[in-house]
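# this one's sequence-less:
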């Protein structure tokens with residue numbers, strides 16, 4: 001069995017875990033019915049008695065909570081404790097409307113630290129490591145979440161925050177970083193900077209990398225591991241639920257273990273809301289079991305995945321979810337064809353001379369959609385002849401048309417020029433069609 005941070009819970013007998021989940025669910029439902037007007041109203045409308053729940057399956061009787069509910073309750077309408085008991089506030093980026101404000105009690109922060117520590121230890125980190133965190137330390141949960149988790153493990157923490165890539169490289173060299181935490185797109189950007197600075201990656205001390213906060217592919221994992229010479233694991237979290245620490249891969253790298261003693265998971269049909277069987281792909285729904293300040297009941301995450309029920313060789317008994325493959329709301333319809341941005345990323349990683357840093361610009365000329373894919377090339381290609389650039393553009397356009405079923409125009413842009421959000425995530429889509437109404 002591989003090392004666990006909290007083996008008592010991470011390897012808990014499934015029957016014992018089920019009983020713990022039920023007890024914690026009953027406590028959570030009673031608390032939100034008493035303290036959160038939205039849930040009290042919905043329970044009354046659906047004739048639901050929170051104290052009558054005798055099985056976690058009964059959860060399916062409850063209505064979903066959506067991001068629209070969170071925005072309508074902005075900023076504190078869904079808090080289950082008085083503001084005087086809240087010691088930390090975080091928020092989502094709010095790129096599609098009002099941000100979602102999440103509150104934490106002192107116990108919530110302690111729980112969060114332990115759950116992120118689970119993810120770090122599962123991914124190979126320990127008290128002898130030097131952990132460099134290249135995630136934002138503002139309202140975004142990523143930086144602070146991993147910081148407290150690494151401290152709980154006992155590792156040395158470098159709060160490098162996001163950006164300043166050459167400075168990140170210098171820190172990595174001087175402080176002998178062994179564990180790197182970032183978004184996957186930033187990890188590849190760092191690799192490109194290492195190449196440009198002519199740094200020998202093999203001379204670094206890197207062993208492990210934990211990457212998340214955006215959708216990435218197995219091909220991208222392979223590219224990161226090859227260029228940074230580390231073992232890369234995926235992890236999952238979201239501000240509305242807690243931040244990082246909801247789930248993470250162990251070194252088997254065969255799905256992300258969910259901390260099921262703190263989160264109940266379901267996968268539902270995005271269109272109908274019907275609960276799907278394990279193994280079927282759909283939208284992930286999460287209910288928190290221990291959050292005090294900001295509990296969520298059947299929250300629709302919008303993330304597409306599936307539950308992997310098979311036992312993991314690592315010895316952990318918590319169920320796993322597969323890699324997030326997309327979002328219910330990020331599918332693009334271009335001239336009647338469904339296109340997922342993650343598919344474009346996968347294709348770029350298969351073609352020499354390109355990086356997975358791209359942006360899709362959608363516009364409408366007359367009645368027809370037009371799609372432009374802006375791609376950051378590798379540093380090597382940047383200095384090649386113009387004829388080489390044109391050959392790559394032609395190759396990309398042919399490949400996109402063949403694989404996606406719709407014609408996309410491709411343009412090469414300067415490396416590092418595509419916009420990144422404050423959280424370090426590459427901004428993938430700019431839809432001018434919406435601006436034009």
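Looks like it arrived, so ask away. Keep in mind it's a predicted model, so treat the numbers as computed, not measured.
# what are the boundaries of the helices in the stretch 151-300 of the chain?
165-174, 184-196, 218-228 (DSSP state H, counting those that start in this stretch).
# by mean pLDDT, show me the worst of those.
Lowest mean pLDDT of those: helix 184-196, a mean of 90.
# got a list of contacts for it?
With CB atoms under 8 Å, 6 or more residues apart in numbering as the test, helix 184-196 has contacts from 134, 162, 165-166, 168-169, 180, 182, 201, 209, 211-212, 214, 216, 220-221, 223-224, 227-228, 232, 355-357, 378-379, 415-416, 420, 424-426. Where you see a C-beta, it was placed from the backbone N, CA and C, and this is true even at glycine.
# give me that answer again for 6 Å
Contacts to helix 184-196, defined as CB atoms under 6 Å, 6 or more residues apart in numbering, come from residues 165, 201, 211, 216, 220, 224, 227, 228, 379, 424, 426.
# and residue 63, its phi and psi?
When read as degrees, to the nearest 10, the backbone of residue 63 gives phi -70, psi 160.
# any idea how far it is from residue 232?
Going from residue 63 to residue 232 by CB to CB, to the nearest Å gives 38 Å.
# neighbour count winner among the two?
residue 232 (23 against 16; other CB atoms under 10 Å).
# local confidence estimate at residue 420?
For residue 420, the model assigns a pLDDT of 64.
# gap between the two ends of stretch 125-141?
20 Å (CA to CA, to the nearest Å).
# residue 357 reaches residue 375, doesn't it?
No - using CB atoms under 6 Å, residue 357 is not in contact with residue 375, being 7.5 Å away.
# how about CSV for the contacts of helix 184-196, with distance to residue 87 and neighbour count added?
Shown next, in CSV, are the contacts of helix 184-196 (distance: CB to CB, whole Å; neighbours: other CB atoms under 10 Å):
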residue, distance to residue 87, neighbour count
165, 33, 18
201, 41, 15
211, 29, 24
216, 33, 26
220, 37, 24
224, 35, 25
227, 40, 16
228, 36, 20
379, 45, 14
424, 25, 22
426, 32, 21
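# that older thread, redo the helices of the stretch 151-300 of the chain as JSON lines? Include distance to residue 313.
Formatted as JSON lines, these follow (distance: least, CB to CB, whole Å):
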{"stretch": "helix 165-174", "distance to residue 313": "32"}
{"stretch": "helix 184-196", "distance to residue 313": "25"}
{"stretch": "helix 218-228", "distance to residue 313": "19"}
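# can you pull out the strands in the stretch 1-150 of the chain?
88-91, 101-104, 130-133 (DSSP state E, counting those that start in this stretch).
# out of the ones you listed, flag the one nearest residue 18.
strand 101-104 (27.0 Å; CB to CB).
# list the buried residues for the closest one?
101, 102, 103, 104 (16 or more other CB atoms under 10 Å).
# make sure the last one is actually in contact with residue 88.
Meaning residue 104. Yes - using CB under 6 Å, residue 104 is in contact with residue 88, at 4.1 Å.
# before we move on, the earlier item: what do residue 357 and residue 375 both touch?
In contact with both residue 357 and residue 375: no residue, using CB under 6 Å, 6+ apart.
# ranking the helices of the stretch 151-300 of the chain by burial, who's on top?
helix 184-196 (a mean of 21; mean count of other CB atoms under 10 Å).
# nearest to residue 266, of the buried residues of strand 101-104?
Nearest to residue 266, judged by CB to CB, of the buried residues of strand 101-104 is residue 102 at 20.8 Å.
# so where's this structure shaky on pLDDT?
1, 93-97, 336, 366-368, 382-384, 419-426, 434-437 (pLDDT under 70).
# that older thread, please convert the strands of the stretch 1-150 of the chain to CSV, extending it with distance to residue 343.
Listed next are these as CSV, based on distance: least, CB to CB, whole Å:
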stretch, distance to residue 343
strand 88-91, 30
strand 101-104, 31
strand 130-133, 30
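# of the ones you listed, give the one that comes closest to residue 396.
Smallest distance to residue 396 across these (CB to CB): 33.6 Å, for strand 130-133.
# show me what that closest one is packed against.
helix 141-153, strand 156-158, strand 179-182 (3 or more CB pairs under 6 Å, 6 or more residues apart in numbering; DSSP states H and E).
# so where's the longest helix in the protein?
Longest helix in the chain by number of residues (criterion: DSSP state H): helix 14-35.
# how about that helix, which residues are buried there?
Under 16+ other CB under 10 Å, the buried positions of helix 14-35 are 17, 20, 21, 22, 24, 25, 26, 28, 29, 31, 32, 33.
# the nearest residue to residue 51 once chain neighbours are set aside and residue 40, how far apart?
Of all residues not flanking residue 51 in the chain, residue 30 sits nearest, at 6.3 Å (CB to CB, 6 or more residues apart in numbering). With distances taken as CB to CB, residue 30 is found 11 Å from residue 40.
# need the phi and psi values for residue 357.
Main-chain dihedrals, residue 357, degrees, to the nearest 10: phi -90, psi 110.
# ok, the residue nearest to residue 51 to residue 64 distance?
20 Å.
# kindly report the same for residue 288.
Relative to residue 64, residue 288 is positioned 14 Å away (CB to CB).
# neighbour count: these two, which is higher?
Comparing residue 288 with residue 64 by other CB under 10 Å, the one with more neighbours is residue 288, at 23 against 15.
# that one touches residue 298, doesn't it?
No - using CB under 6 Å as the test, residue 288 is too far from residue 298 to be in contact (10.2 Å).
# who touches residue 182 in this structure?
residue 134.
# and it, what are its bridge partners?
residue 211 (DSSP bridges).
# try residue 320
Residues in beta-bridge contact with residue 320 (DSSP bridges): residue 257, residue 308.
# hmm, residue 255 and it touching each other?
Yes - applying CB under 6 Å, one finds residue 320 in contact with residue 255, separated by 3.3 Å.
# between the two, what contacts are shared?
With CB under 6 Å, 6+ apart as the test, residue 320 and residue 255 both reach residue 308.
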